[in-house]
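Novice: pasting the sequence and the predicted model now:
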Amino acid sequence: MIRVQIPATTANMGPGFDTLGMALKLFNIVEMEETRAGLQIDVEGDGAEKIPRDPGNIVYIAALRVFKHTGYEPRGLRIKIINNIPVARGLGSSASAIVGGLLAANILSGNRLGEKALINLATEIEGHPDNVAPALVGGIVVSAQADGEVKYSKIEPPAKLKCIVAIPDFVLPTKLAREVLPQSVSLSDAVYNIGRTALLVTALMKQDFTLLATAMDDRIHQPYRANLVPGMKRVFAAAKLAGARGISLSGAGPTLIAFCDHNTDLIASVMKDTFLQSGIKARVLELEPNPVGAIALEVMK
Ligand code: HSE
């Protein structure tokens with residue numbers, strides 16, 4: 001039986017829309033084993049009732065891609081998903097399912113695909129690399145698509161960086177959160193985001209948290225998504241007042257993520273209370289960046 005652990009991820013990190021992401025210490029588990037025949041999918045944990053147990057399951061879809069690429073033909077398959085990453089909240093649950101399916105199927109079929117091939121396949125399924133790349137390799141990953149493949153570079157998360165996530169009690173499908181975005185942006189908004197994305201990457205590499213408030217600001221997706229997350233702007237302002245170094249939507253939302261190095265308890269309670277003032281119940285967690293990506297926990301034949 002193959003058992004892999006895949007981290008949650010936070011994508012965009014403010015301005016780095018579809019290009020920046022970071023792995024977090026919150027994990028899903030995918031188990032996979034070959035059986036004599038048929039398909040059995042079991043799911044437990046957070047949101048288990050929303051996850052399909054049929055061939056539409058994304059772990060299974062990802063596994064099939066690997067089998068197709070490697071020519072491996074399992075007689076039957078049993079998949080078990082232990083879900084700890086909230087579904088459709090902006091913490092990379094679908095990326096973790098894709099990466100879990102790819103990695104487990106790759107091990108099952110003899111480890112024929114390397115890291116780059118797995119990132120390319122994962123990006124083909126997800127549509128953008130910003131969650132799947134850090135889910136697979138860990139840390140903070142900058143990625144861009146070029147010539148039909150993903151070019152990526154990993155940086156180590158700053159040692160003192162803590163993240164507070166406020167997870168609203170409603171789901172926001174990424175598809176919906178992408179439909180509200182414009183198809184083109186102005187040159188000044190593009191320049192605004194290019195400068196901040198570059199600043200964010202250098203600030204994180206140099207562990208200079210004083211730049212994060214500016215560097216995590218964005219004009220190309222968050223302003224359009226604000227209407228989908230009641231209280232977003234108020235929580236941003238309140239978290240900064242409480243000492244957060246920077247704050248953004250996590251991925252497509254609705255989760256908000258604050259980067260901090262002090263006052264974590266205060267920032268967490270302020271984010272929860274401010275959401276509540278807008279009528280939104282939110283669960284608040286303190287999560288550390290995860291420097292490593294998906295790993296196999298056990299391989300037993
Ligand atoms: N970059 C993606 C978005 C992340 O913001 O839509 C969510 O999958």
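Specialist: It's in.

Novice: contacts and neighbour counts: CA atoms only from here.
Specialist: Will do.

Novice: who touches stretch 59-67?
Specialist: 55, 73, 79, 97-106, 109, 121-122, 125 (CA atoms under 8 Å, 6 or more residues apart in numbering).

Novice: any part of the top helix by length along the chain near the ligand?
Specialist: Criterion DSSP state H: the longest helix present in the chain is helix 187-206. No. Counting by CA under 6 Å from any ligand atom, the ligand has no neighbours in helix 187-206; the shortest distance is 13.4 Å.

Novice: any idea which element the closest residue in space to Glu44 that isn't next to it in sequence lies in?
Specialist: Nearest-residue entry for Glu44: Ile82, 5.0 Å, with adjacent residues in sequence omitted and distances by CA to CA, 6 or more residues apart in numbering. For Ile82, the element it lies in under DSSP states H and E is strand 76-83.

Novice: now Arg225: how far from Arg178?
Specialist: Here the distance between Arg225 and Arg178 works out to 8 Å (CA to CA, to the nearest Å).

Novice: the helices in this protein, which residues?
Specialist: Counting by DSSP H, the helices of the chain are 58-70, 93-108, 115-126, 132-137, 174-179, 187-206, 212-215, 222-225, 232-241, 264-277.

Novice: by contact count, what packs against the fourth one?
Specialist: Using 3 or more CA pairs under 8 Å, 6 or more residues apart in numbering; DSSP states H and E, the elements in contact with helix 132-137 are strand 2-11, strand 20-35, helix 93-108, helix 115-126, strand 140-146.

Novice: do the last one as well
Specialist: If you count contacts as 3+ CA pairs under 8 Å, 6+ apart, helix 264-277 packs onto strand 162-168, helix 232-241, strand 282-287.

Novice: now do that helix: everything it contacts.
Specialist: 162, 164-166, 230-232, 234-235, 238-239, 242-244, 281-286.

Novice: derive a PyMOL selection command for the buried subset of those residues.
Specialist: Burial among the contacts of helix 264-277 is assessed by 16 or more other CA atoms under 10 Å; the matching PyMOL selection reads:
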select buried, resi 162+164+165+166+230+231+232+235+238+239+242+243+244+281+282+284+286
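
Novice: quick revisit: make CSV from the helices of the chain and add distance to Arg3 to it.
Specialist: Below are these laid out as CSV (distance: least, CA to CA, whole Å):
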stretch, distance to Arg3
helix 58-70, 13
helix 93-108, 7
helix 115-126, 17
helix 132-137, 15
helix 174-179, 27
helix 187-206, 32
helix 212-215, 37
helix 222-225, 36
helix 232-241, 37
helix 264-277, 33
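
Novice: show the buried residues in the contacts of stretch 59-67.
Specialist: 79, 97-106, 109, 121-122, 125.

Novice: domain parsing of this structure, as residue ranges.
Specialist: The chain breaks down into these domains under automatic domain parsing: 2-156+290-299, 162-287.

Novice: most packed of those?
Specialist: domain 2-156+290-299 (a mean of 21; mean count of other CA atoms under 10 Å).

Novice: can you add mean pLDDT and distance to Met271 and give the helices and strands packed on helix 132-137 back as TSV?
Specialist: Output for these, formatted as TSV (pLDDT from 0 to 100; distance: least, CA to CA, whole Å):
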stretch	mean pLDDT	distance to Met271
strand 2-11	98	17
strand 20-35	98	19
helix 93-108	97	22
helix 115-126	97	30
strand 140-146	97	24
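
Novice: that's all I had, so thanks and see you.
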